[in-house]
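Asker: Task: produce atomic coordinates for the following.
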Amino acid sequence: MNIVHIFSGGLDSTTLLYYLLNQGHKVKTISFFYGQKHKKELECSKNIARKLNIENKLIDLSALKDIFGKSSLTSDMDIPEGHYNDTNMKSTVVPNRNMIFLSIAISYAISSNFDAVSIGVHAGDHAIYPDCRPVFINKMKDVAKVSDYSEIGILAPFLDLKKYEIVKIGLELKVPYEMTWTCYKGEEKPCLKCGSCTERLEAFELNNVKDPLVFI
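Answerer: Just a heads-up that it's a prediction; the model follows:
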């Protein structure tokens, strides 16, 4: 299958990329700059794609930053610290982000005569992010089938997996997690305190492995 993969350069999307390639699919990636503070992830996506010798297209959506203003990822609001289950993590929601990403990726797939798009949403996202939940992904699958003359599939194989289960898959596939970026704060090193860092650290601990980014 030929797949356009939505690729942030983070743990989940990188693991899914390796997973798809291991299954023998032809993959090219698409990444988005939407004014996020943690734009360092885009450098990671570029470097990982280069390592794998696959195409990585970067789409500049920074003009949309003003309409994402209520998100702490794109505004002057502080990035909250704590666990994803904490209510303050809702400030990291970027309104309707995945619908925008999927729509553009679907257009790219249609123009490329590809079969599907893929996205690395997982069960750990469900508590906070409405556009990562099964009901959203399933409805987008239906929309993708009728959005054009070409019927495009949406693949989200990690939808029901926890973060530690994704890391387990990635360790088996020898994913270079030292090349990925997860922290929501736009700093040189991971803060190890934001919800994204906290969940990542837990995932490695549950696999009895040290997160390589801790040693940066």
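Asker: Just confirm residue 24 is within a strand.
Answerer: No: judged by DSSP: H, G, I helix; E, B strand; the rest coil, residue 24 forms no part of a strand; its state is coil.
Asker: Would you mind giving me the confidence score for it?
Answerer: Listed pLDDT for residue 24 reads 97.
Asker: Next: the one 5 residues further on.
Answerer: In this prediction, residue 29 carries a pLDDT score of 98.
Asker: packing partners for the longest helix along the chain?
Answerer: Identified as the longest helix of the chain according to DSSP state H is helix 97-111. Counting contacts by 3 or more C-beta pairs under 8 Å, 6 or more residues apart in numbering; DSSP states H and E, helix 97-111 packs against strand 2-6, strand 26-33, strand 116-118, helix 134-146. Bear in mind the C-beta positions are built from the backbone N, C-alpha and C, glycine included.
Asker: I'd say residue 36 and residue 74 touch.
Answerer: Yes: here residue 36 reaches residue 74: they are 6.0 Å apart, a contact under C-beta atoms under 8 Å.
Asker: so what sits against both of those two?
Answerer: Common contacts of residue 36 and residue 74 (C-beta atoms under 8 Å, 6 or more residues apart in numbering): residue 94.
Asker: Point out where this protein drops to low pLDDT.
Answerer: Scanning the chain for pLDDT under 70 picks out 69, 82-88, 215-216.
Asker: Specify the residue positioned farthest from the middle of it.
Answerer: For the chain, the largest distance from the centre (C-alpha atoms, centre = their mean) belongs to residue 149, which lies 27.6 Å off.
Asker: And that one, which helix or strand is it part of?
Answerer: For residue 149, there is no enclosing helix or strand under DSSP states H and E.
Asker: quick one, phi psi at it?
Answerer: Per-residue torsions, residue 149: phi -70, psi -30 (degrees, to the nearest 10).
Asker: Next up, the contacts around residue 186.
Answerer: 36-40.
Asker: between those residues, which is nearest residue 130?
Answerer: residue 36 (18.2 Å; C-beta to C-beta).
Asker: could you list every residue that touches that closest one?
Answerer: Residue 36 neighbours (C-beta under 8 Å, 6+ apart): 73-74, 94, 186.
Asker: Check the gap between the closest residue to residue 55 other than its chain neighbours and residue 117 for me.
Answerer: Setting aside the residues directly before and after it, residue 55 is nearest to residue 28 in space (C-beta to C-beta, 6 or more residues apart in numbering), at 4.0 Å. Residue 28 sits 11 Å away from residue 117, taking C-beta to C-beta, to the nearest Å as the criterion.
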